[in-house]
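Participant: fold the stuff below for me.
(one chain, ligands or ions: 1)
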Amino acid sequence: MRSLTKTNAFIDGHWVPVEERFEVTNPATGEVLAEVANSDAAVAERAVEAAHNALPGWRKKTARERAELLKRWFDSMLANKQALAELMSAEQGKPIAEAAAEIEYGASFVDWFAAEAERSYGDVLPLQSPDKRVWITKQGVGVCAAITPWNFPNAMITRKVAPALAAGCTMVVKPPQLTPLSALAIAQLASEVGIPDGVLNIVPSTDAKSIGKVLTEHPSVRKFSFTGSTEVGKTLMQQCASTMKKVSFELGGNAPFIVFDDANIELAVEQLLICKFRNAGQTCISANRILVQESVLDKFVEQLKPALSNLKVAAGTAEEVDYGPLIDQGAVDKVKRLVDDAVEQGAECLQGGKVLDELGKLFYAPTLLTGISSTMDIAQEEIFGPVVAIQTFDTEEEGVRKANATPYGLAGYFCAEDYRRIERVSNALECGMLGINAGAISHAYNAFGGVKESGIGREGSRYGLAEYQETKNLTLGGF
Ligand code: ADP
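Facilitator: Down below sits the predicted model:
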């Protein structure tokens with residue numbers, strides 16, 4: 001199998017060495033995987049200039065020509081799925097099978113938007129005035145920039161880059177410091193399939209602040225897209241205001257997972273496991289607050305407990321592993337702090353609640369807590385770890401009120417069978433996305449995004465393309 005490990009910045013179709021380097025390590029073993037170019041602001045500016053220069057040529061191509069190149073990129077990602085998955089698992093820690101599934105998921109955005117852009121129509125207005133004709137057209141916004149997180153090293157990039165390129169935009173990406181190799185590998189594939197120089201540029205760096213400043217304040221950048229924490233998102237949005245960029249922000253969540261008394265409990269347990277333990281709980285749409293109606297609590301816990309015991313925790317390279325290490329020591333410390341604090345305040349730990357030292361210092365046990373109250377830190381902060389923290393409620397109204405009592409509004413989940421309840425609760429929950437009897441809700445065809453402090457804009461679906469387009473109105477006179 002070929003190696004796709006690239007370690008330099010990718011600008012204007014070239015691998016640009018930068019003298020200063022930073023180490024990328026394997027979280028399961030601590031092994032150093034690569035020393036990667038540590039780009040500074042000047043390198044980021046070069047990348048923006050490359051994207052700016054490449055824009056006219058890329059924009060001039062027909063939608064079909066761009067779609068064909070994107071389809072080739074998609075094919076190449078799938079053809080190299082195993083190599084990309086092994087690279088991702090090594091730098092990020094997720095099981096290889098899960099990494100391979102992310103490659104498929106990430107590539108699916110490329111496929112989706114290649115097709116979507118070919119069907120992106122404008123409007124021809126009916127006659128409104130005898131001497132004029134009006135058309136409304138769609139046009140790519142221009143140079144785009146993105147900053148992405150480490151939890152999905154491939155998909156968080158493709159779901160921004162694919163719609164941008166499909167719409168006729170060029171792009172600069174700053175990948176996360178912890179997982180830049182997956183980003184650089186797909187840039188190599190983009191170059192190989194013939195995506196023109198300068199259309200996609202990648203600037204790895206440990207100096208997120210300086211690179212972020214260039215990408216959010218450079219006048220040539222017309223659109224900025226970010227996935228990461230709400231705190232950083234707010235700063236970046238302020239920076240974007242200086243040049244009034246079009247923006248998308250996909251930020252933190254505090255997803256409720258509500259189990260009502262009419263739920264199919266077996267299904268609820270199954271879907272919670274899918275939702276909670278993907279990527280060891282390190283996703284922004286992980287169920288964070290498990291809200292169970294009092295009358296079904298015992299039944300729910302009875303079924304959940306053995307299911308949790310069956311989870312296999314090991315390095316991502318092991319066979320049939322459910323989840324691997326957390327990303328770094330900071331992540332483990334946070335989970336420990338939240339669990340210990342909850343227990344100190346009276347929560348009961350029915351399972352786990354500790355680091356699995358025999359595996360290594362970043363492996364945290366599948367953990368089950370009951371007796372959580374909504375004021376505990378664990379109910380207010382994103383856990384980002386393999387912990388099921390259960391609160392209870394009495395009535396439907398109380399369940400919904402508790403679910404909405406957060407500044408966040410990314411994903412929400414609930415399990416119920418009564419269709420009237422499903423309709424009522426769907427309307428009442430303040431979330432951008434709902435999983436109803438469903439714990440897996442990420443697909444290229446879905447509109448992914450949040451409300452409240454979880455962000456602005458949507459990724460995937462036809463709405464994901466519109467984020468990279470301007471609507472232009474043409475009025476033709478003289479009739
Ligand atoms: P998390 O690491 O929890 O996913 P962050 O918001 O810290 O969330 O990081 C997401 C991305 O934002 C990463 O690529 C990181 O390097 C970048 N980042 C962090 N702080 C800043 C900042 N001040 N300016 C620009 N980018 C930042």
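
Participant: how far away is residue 226 from residue 466?
Facilitator: 17 Å (C-beta to C-beta, to the nearest Å). Bear in mind the C-beta positions are built from the backbone N, C-alpha and C, glycine included.

Participant: neighbour-wise, which of these two wins?
Facilitator: Legend: neighbour count by other C-beta atoms under 10 Å for residue 226 and residue 466, higher for residue 226 (30 against 17).

Participant: ok so that one is a strand residue?
Facilitator: Yes - counting by DSSP: H, G, I helix; E, B strand; the rest coil, residue 226 is part of a strand.

Participant: look up which residues are beta-bridged to it.
Facilitator: residue 147, residue 249 (DSSP bridges).

Participant: surely it touches residue 233?
Facilitator: Yes - Residue 226 is within contact range of residue 233, at 5.6 Å (criterion: C-beta atoms under 8 Å).

Participant: give me the common contacts of these two.
Facilitator: 249, 251 (C-beta atoms under 8 Å, 6 or more residues apart in numbering).

Participant: what sits against the closest residue in space to residue 424 that isn't next to it in sequence?
Facilitator: Spatial nearest neighbour of residue 424, chain neighbours left out: residue 396 (7.5 Å); criterion: C-beta to C-beta, 6 or more residues apart in numbering. Taking C-beta under 8 Å, 6+ apart, we find residue 396 in contact with 260, 421, 424-425.

Participant: which members of those are the farthest-apart pair?
Facilitator: Spanning the widest gap among the contacts of residue 396 are 260 and 424, at 10.7 Å by C-beta to C-beta.

Participant: more neighbours: these two, which one.
Facilitator: Legend: neighbour count by other C-beta under 10 Å for residue 260 and residue 424, higher for residue 260 (22 against 15).

Participant: ok, the residue nearest to that one when sequence neighbours are not counted - contacts?
Facilitator: Distance criterion C-beta to C-beta, 6+ apart; nearest residue to residue 260, sequence neighbours excluded, is residue 416 at 4.2 Å. Applying C-beta under 8 Å, 6+ apart to residue 416 gives the contacts 260, 262-263, 422, 425, 436-437.

Participant: now do the same for the residue in the stretch 51-200 of the chain that the ligand sits nearest to: helix, strand or coil?
Facilitator: Residue of the stretch 51-200 of the chain nearest the ligand, by C-beta to the nearest ligand atom: residue 149 (3.4 Å). Three-state assignment for residue 149 (three-state DSSP): coil.

Participant: got the residues of the stretch 251-400 of the chain near the ligand?
Facilitator: Within reach of the ligand by C-beta under 6 Å from any ligand atom, the stretch 251-400 of the chain has no residues at all.

Participant: now do the helices in the stretch 251-400 of the chain.
Facilitator: Taking DSSP state H, counting those that start in this stretch, the helices of the stretch 251-400 of the chain run over residues 265-277, 297-309, 329-344, 377-380, 396-404.

Participant: mean pLDDT and distance to residue 321 added to those helices, as CSV?
Facilitator: As requested, these are arranged in CSV below (pLDDT from 0 to 100; distance: least, C-beta to C-beta, whole Å):
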stretch, mean pLDDT, distance to residue 321
helix 265-277, 97, 11
helix 297-309, 97, 15
helix 329-344, 98, 18
helix 377-380, 98, 25
helix 396-404, 98, 32
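
Participant: among these, which is nearest residue 201?
Facilitator: helix 329-344 (29.0 Å).

Participant: the strands in the stretch 1-150 of the chain, which residues?
Facilitator: Along the stretch 1-150 of the chain, counting by DSSP state E, counting those that start in this stretch, strands occupy 9-11, 14-16, 21-25, 32-37, 123-124, 133-140, 143-147.
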